[in-house]
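K.L.:
what follows is a predicted structure for the sequence shown.
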Amino acid sequence: MKFDTHKPRLIFWEVTKGCNLRCVHCRATATELSSPNDLPKTKALNIIKQISQLSLPIIVLSGGEPLFRTDIFELASYARDCGLRVALATNGTLVTQEIARKIVDSGVRRVLHQSRRSGRRDPRCLSRHPGSV
Ligand code: SF4
């Protein structure tokens, strides 16, 4: 098997289990705080480097809620600087104008909003968070 023909073109990476919503259906079993088991920044940066040496896929930073990570913009900009195309999968609830600017500045090219479709809340998003549905 030639490895060159099987390089990844798209990688979804669950960078944290932390999330502020904790939807009942969440397969990430999201916790309200960032998990102590989340990969430390230095190791995460190293993984990004290794990925970029293998191929230059689209990398989707997901979770949990990726914006729970205080180093998420550092990871995104490092991935961009390594030549990866960076996307962010977020529930959107933590996105302020300032955060939106940081998302853009860190090189994220696509934002996947997981809880809404066509401007309406996705009925599958059954959060335990008061007032969220
Ligand atoms: S918003 Fe997404 S990551 Fe957060 S609890 Fe809901 S399904 Fe899980």
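P.N.:
Good, I have the coordinates.
K.L.:
list the contacts for Leu94?
P.N.:
Asn20, Glu65, Leu67, Phe68 (Cβ atoms under 8 Å, 6 or more residues apart in numbering). Just so you know, the C-beta spots here come from the backbone N, C-alpha and C atoms, and that holds for glycine as well.
K.L.:
out of those residues, who has the most neighbours?
P.N.:
The residue in those with the most neighbours, by other Cβ atoms under 10 Å, is Glu65 (26 neighbours).
K.L.:
which residue is the nearest non-sequential neighbour of that one?
P.N.:
Once flanking residues are discounted, Glu65 sits nearest to Cys19: 4.0 Å by Cβ to Cβ, 6 or more residues apart in numbering.
K.L.:
next, count neighbours for Gly18.
P.N.:
Gly18 sits with 21 neighbouring residues when counted by other Cβ under 10 Å.
K.L.:
if I look at it, how far off is the ligand?
P.N.:
The spacing between Gly18 and the ligand, counted by Cβ to the nearest ligand atom, to the nearest Å, is 9 Å.
K.L.:
got it, and Ser77?
P.N.:
Distance, Ser77 to the ligand, using Cβ to the nearest ligand atom: 23 Å.
K.L.:
list the contacts of the closest residue to that residue other than its chain neighbours.
P.N.:
Leaving aside its sequence neighbours, Ser77 sits nearest to Ser106 (Cβ to Cβ, 6+ apart; 4.4 Å). Residues counted as contacts of Ser106 (Cβ under 8 Å, 6+ apart) are Ile72, Phe73, Glu74, Ala76, Ser77, Arg80, Val86.
K.L.:
let me see the confidence value for Ser106.
P.N.:
If you check Ser106, the pLDDT there is 97.
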